[in-house]
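In: Below is the sequence, then the predicted model.
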Amino acid sequence: MKLITNIEALPRELRESIKPDEAAFIGQLTDKGLLPFAVTPFYASLAGTDIDDPIRKLCIPDPREALVTPFETADPLGAARYEACPRMVHQYRDRALLLTNGACAGYCRHCFRRNWLARPEGFITEKEIRPVLAYLTEHKEIREVLLSGGDLLAAADDQIFWLLSMLQECGRPLLVRIGSRVPVTAPGRITPELINILCRFRPLRLVIHLNHPRELALRVREALDMFVKAAIPVHTQTVLLKGINDNVETLAELFRESLNLGINPYYLLQGDLASGTAHLRVNLQKGIDLYKELKAHISGLAYPRYALDLPGGGGKIMLHAESILAKRESPRGIVYVLQDTQGCEYEYPVE
Ligand code: SF4
């Protein structure tokens with residue numbers, strides 16, 4: 001898959017819009033061990049040249065990524081607590097997460113798995129899949145496997161086929177959920193051959209990462225239509241991002257348009273506490289207010305769940321008007337207090 005990894009290869013107008021501090025920062029990303037810069041030519045073609053353009057913000061590194069606030073960590077979801085074996089996380093009883101691929105079709109500047117991707121890990125190997133299969137075989141309570149990464153669909157067809165075939169070795173049908181941004185950032189990667197492979201491994205669902213209505217360009221719509229026509233259910237997850245989609249009009253258009261394409265708005269996600277992403281996180285109270293207001297603008301079919309992965313491995317909770325129990329000062333700053341399903345308290349920064 002062709003990726004642009006240096007400024008010189010960007011489309012001319014976008015290249016000329018890069019500020020000196022952005023250029024300097026991009027040049028230091030690898031040395032600093034930060035999330036690399038990579039964007040597909042297609043996604044770069046969607047970006048505007050204004051520094052506040054939402055697509056530009058999603059793909060062009062911002063020097064503020066170097067700032068790590070006291071609440072931010074390399075493992076914001078606390079996945080290490082639930083690591084069953086290398087590349088597999090088993091946090092929820094009936095489902096497990098498999099980190100399949102160390103690459104994506106471009107890197108999102110808000111990525112919460114940025115530290116893992118910065119290493120980079122490559123595609124899961126035969127040696128790595130064996131303990132995964134042993135664990136799945138033993139843990140019969142697992143009914144669903146979420147294939148994430150990185151991005152599985154950024155791999156080659158034969159790698160995808162191999163992995164999906166291997167998963168069948170655990171001896172019982174597993175629902176396969178593929179989390180992917182490829183249909184949005186590299187729609188040309190969605191080919192009839194790929195669709196044919198995926199169709200052989202039902203039950204299978206695709207959850208695409210979609211953040212802005214401008215991402216629904218014609219080629220993206222055509223790629224998504226290939227899944228819909230093949231009867232592969234498609235859901236969306238959207239990260240609520242400051243200055244990108246944190247207003248009712250943008251979100252309503254995004255979810256309405258998704259529904260019109262035959263795909264289901266599933267999650268609106270509050271930003272995780274990943275290192276260097278504070279400038280993109282929306283204040284939690286603002287997010288809750290926005291979500292409430294959104295309800296009046298779209299049908300129930302287009303209304304996603306607003307969710308937060310509690311910091312440090314507390315698990316996912318749904319957010320609503322009563323989610324914030326208190327606002328208080330902590331040694332690290334002012335925080336909102338939230339609760340998991342067991343009643344344990346968690347702190348989430350106000351800023
Ligand atoms: S596609 Fe997902 S894993 Fe890859 S950079 Fe974007 S958010 Fe991170």
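Out: Now that the structure is in, tell me what you want to look at.

In: Figure out how far the lowest-mean-pLDDT helix or strand in the chain is from the centre of its chain.
Out: Counting by mean pLDDT, DSSP states H and E, the chain has its least confident helix or strand at helix 114-117, which shows a mean of 87. Offset of helix 114-117 from its chain centre (Cα atoms, centre = their mean, to the nearest Å): 12 Å.

In: Buried residues of it, list them for me.
Out: 114-117 (16 or more other Cβ atoms under 10 Å). Where you see a C-beta, it was placed from the backbone N, CA and C, and this is true even at glycine.

In: TSV for those, including distance to the ligand?
Out: Listed next are the buried residues of helix 114-117 as TSV, based on distance: Cβ to the nearest ligand atom, whole Å:
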residue	distance to the ligand
114	7
115	11
116	8
117	6
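
In: I'd like to know which elements the least confident helix or strand of the chain is packed against.
Out: Contacts defined by 3 or more Cβ pairs under 8 Å, 6 or more residues apart in numbering; DSSP states H and E place helix 114-117 against no helix or strand at all.

In: Helix or strand next in line after it, which one?
Out: helix 126-138 (DSSP states H and E).

In: Show me what that following helix is packed against.
Out: Going by 3+ Cβ pairs under 8 Å, 6+ apart, helix 126-138 lies up against strand 83-85, strand 88-92, strand 95-99, helix 157-167.

In: closest one to the ligand among those?
Out: Across the helices and strands packed on helix 126-138, the minimum distance to the ligand, taken as Cβ to the nearest ligand atom, is reached by strand 95-99, at 9.4 Å.

In: who in the stretch 51-200 of the chain is up against the ligand?
Out: Counting by Cβ under 6 Å from any ligand atom, the stretch 51-200 of the chain comes close to the ligand at 104, 107-108, 111, 113, 149-151, 181.

In: follow-up on the earlier one: looking at the helices and strands packed on helix 126-138, which is buried most?
Out: Most buried of the helices and strands packed on helix 126-138, by mean neighbour count (mean count of other Cβ atoms under 10 Å): strand 95-99, with a mean of 22.

In: Quick check: which helices or strands does it pack against?
Out: strand 88-92, helix 126-138, strand 144-148.

In: okay, those in JSON lines with mean pLDDT next?
Out: As requested, those are exported to JSON lines (pLDDT from 0 to 100):
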{"stretch": "strand 88-92", "mean pLDDT": "97"}
{"stretch": "helix 126-138", "mean pLDDT": "97"}
{"stretch": "strand 144-148", "mean pLDDT": "97"}
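
In: who wins for proximity to residue 245 among the ones you listed?
Out: The closest of the helices and strands packed on strand 95-99 to residue 245 is strand 144-148. By Cβ to Cβ, the value is 21.3 Å.

In: List the neighbouring strands of the closest one plus their orientation.
Out: The pairing partners recorded for strand 144-148 under DSSP bridges are strand 95-99 (parallel), strand 175-180 (parallel).

In: Name the surrounding residues that touch the longest one.
Out: What it means is strand 175-180. With Cβ atoms under 8 Å, 6 or more residues apart in numbering as the test, strand 175-180 has contacts from 95, 143-149, 151-153, 164, 167, 198, 201, 203-209, 237.

In: In PyMOL, how would I select the buried members of these?
Out: Command for PyMOL, covering only those of the contacts of strand 175-180 found buried under the criterion 16+ other Cβ under 10 Å:
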select buried, resi 95+145+146+147+148+149+151+152+153+164+167+198+201+204+205+206+207+208+209+237
